[in-house]
Structures are given as structure tokens and as C-alpha cells.
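*Asks:* Kindly generate the corresponding structure for this input.
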Amino acid sequence: MAGPVLVFDSGVGGLSVVEALRRRLPEVALAYACDNAMLPYGVREDDWLVARILAVCEAAVAASGCSGLVVACNTASTLALDALRDRLAVPVVGTVPAIKPAAGTSASRHIGLLATSATVARPYTDRLIRDFAGDCRVTRLAADSLVGQAERLVAGETLEPEVLRRALAPLGDWPDLDTLVLGCTHFPLLREALEAVVPHPVRWIDSGDAIARRTGQVVVEPLRRPAIERGWVTGPNPALARGLAGFGFADTRCLTLS
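*Replies:* Presented below is the predicted three-dimensional model:
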């Protein structure tokens, strides 16, 4: 029986991937699951995270009856993608920072990676840069504070412009940096606000469209819209439920983990 495409993230970052999926696959029904009770993932131990990601994704796949899982989280993808594919019977699509397309479009050959501290420091990121941006200078910029700003935005709270300015201020030291990878799925939700405070113009690159394109290739016979599109959370949060409703997930429920 056909089911929706399930998008999973630690928080609301996967909603930027939902937007990309809506654009590329407008006829496909979606579901959303986030582990909001354990946000943020970046401060937790890797072994604990792998076990937690497996537990939440297994519960969400069972609850949603999905036809495919999109892991819209860089941390979860780099740590648990292989384990998820071994454990689950549905196709699993992962997320990686868009280093390759950024290197392909940069004229100055100086690109930036705006991501969480965990993603900036992971060996997986080193390999991406080595394999796909070997002829580029890649400046890494940790911006953990932006995760909270994206969560505020979806919850209907006011953004803090000074937090955004501080996160991007170091770019003023690199006027030749012409392309900026949004290496956390939370960050594209803030793009309009970030454009207003960036020290100089840059080309913004994220993984959303590539994820949506890959999803369309590997998920077979997904549920079609119109259909009930549900959100799943690990901890009750009325503001989060309202935010998910704004992205089409009007029915939000709590996951039961085994």
C-alpha cells in the first residue's frame, strides 16, 4: 500500500527540504518527524545518537506507513545512514553539505561552509572537500546559533537580527568568498533574513533540490495528494505543532518509542 514520503530531522530544519520536495514533487504526499525532545543533536555522543536516530526513525516509519524516508539532517546522515538502510525496508535518502555544486559554481574558487560545529569538524566533511573541492579554498564557519533562530522562526517567534549578524560577520574578512554552502538544513529557512545581513553578496547553495531529485528517483509509488499529511514529534510542543501546520502538517502527533 502506498504511503507518504517521510522527512526526518532533529528539529525543524527538514522543513527546508519539505519546501524543495513540494516544488519538485508537488503531487507526492509527505509526512514529517522530528526528535524535538532531544534537540540539539550536535552536543550529544555519536554512539548515543546512532541508537536514538534508529529508534525514532523506526517508530516514525511504522507510524506513518511511509514509502520512503528522507533523512534531512547532516548529523543523522553522516552517523546513521548505513544503519538505517540496513534496518529499514523502505528506501532511505540522506543529506550531505552541498560542497560539490558549490565548487562547480564558484568563480573565485573560494567557497564557505556555514554549518554546525559538529558538521564543520567531521571527517566526512573533510572527505567531501578533498573529493569535490580540491582546487578551492574552503572556509568553514560554525554557526550553531542559527539553529535556534530557525526554530524560533517556525514557532512564530521574532528573529534576533544581531545573532544573524554575528554569525555572518566573519565573512567580511573574505571579500573574495563568492559562494556559501548552507550546510545545515535549518539554515535555508533563514535565507531571506541572512541575505539582509551578509557583509557582501554571495551565491547561496543548499542540498534541498538535490535531495528532492534523488527522492523522486528512488521512492516507488508514493501516496499522492490530496491526503492527510501528519507531523510526528517526540515531545509535545504547541508552538511547534502550529509551525508544522504552516507547512501542511495539520495533524501532529507524539511518537511512541519502544
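*Asks:* May I see the buried residues of stretch 72-91?
*Replies:* Buried residues in stretch 72-91, counted by 16 or more other C-beta atoms under 10 Å: 72-81, 84, 88, 90-91. (C-beta placed from N, C-alpha, C; glycine too.)
*Asks:* In a markdown table: those, plus secondary structure.
*Replies:* Below are these laid out as a markdown table (DSSP: H, G, I helix; E, B strand; the rest coil):
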| residue | secondary structure |
| --- | --- |
| Ala72 | coil |
| Cys73 | coil |
| Asn74 | helix |
| Thr75 | helix |
| Ala76 | helix |
| Ser77 | helix |
| Thr78 | helix |
| Leu79 | helix |
| Ala80 | helix |
| Leu81 | helix |
| Leu84 | helix |
| Leu88 | coil |
| Val90 | coil |
| Pro91 | coil |
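*Asks:* With respect to Ala59, which of those is nearest?
*Replies:* Using C-beta to C-beta, Leu88 is the member of the buried residues of stretch 72-91 that sits closest to Ala59, with 11.4 Å.
*Asks:* And for Pro161, the neighbour number?
*Replies:* Neighbour count of Pro161, defined by other C-beta atoms under 10 Å: 12.
*Asks:* Identify the residues contacting the nearest residue to it once chain neighbours are set aside.
*Replies:* Leaving aside its chain neighbours, Pro161 sits nearest to Val197 (6.5 Å; criterion: C-beta to C-beta, 6 or more residues apart in numbering). When contacts are counted by C-beta atoms under 8 Å, 6 or more residues apart in numbering, Val197 touches Pro161, Leu164, Arg165, Leu168.
*Asks:* With Thr95 instead?
*Replies:* Val17, Val70, Val71, Ala72, Cys73, Asn74, Ala76, Ser77, Thr185, Ser207, Ile211.
*Asks:* My guess is the third one contacts Thr78. True?
*Replies:* Right, the one you point to is Val71. No: applying C-beta atoms under 8 Å, one finds Val71 not in contact with Thr78, separated by 9.8 Å.
*Asks:* what are the ranges of the helices in this structure?
*Replies:* 14-24, 46-64, 74-87, 99-105, 117-121, 123-132, 145-154, 161-168, 191-195, 208-218, 238-245 (DSSP state H).
*Asks:* Contacts for the fourth one next, please.
*Replies:* With C-beta under 8 Å, 6+ apart as the test, helix 99-105 has contacts from 111, 113, 125, 128-129, 132-133, 135-136, 138, 179-181, 203, 205, 210.
*Asks:* Quick one, which of those residues are buried?
*Replies:* Buried among those by 16+ other C-beta under 10 Å: 111, 113, 125, 128-129, 132-133, 136, 138, 179-181, 205, 210.
*Asks:* okay if I get the residues you listed as JSON lines plus distance to Cys57?
*Replies:* Listed next are the buried ones among the contacts of helix 99-105 as JSON lines, based on distance: C-beta to C-beta, whole Å:
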{"residue": "Ile111", "distance to Cys57": "31"}
{"residue": "Leu113", "distance to Cys57": "26"}
{"residue": "Thr125", "distance to Cys57": "22"}
{"residue": "Leu128", "distance to Cys57": "23"}
{"residue": "Ile129", "distance to Cys57": "28"}
{"residue": "Phe132", "distance to Cys57": "27"}
{"residue": "Ala133", "distance to Cys57": "30"}
{"residue": "Cys136", "distance to Cys57": "34"}
{"residue": "Val138", "distance to Cys57": "30"}
{"residue": "Thr179", "distance to Cys57": "32"}
{"residue": "Leu180", "distance to Cys57": "30"}
{"residue": "Val181", "distance to Cys57": "25"}
{"residue": "Ile205", "distance to Cys57": "27"}
{"residue": "Ala210", "distance to Cys57": "21"}
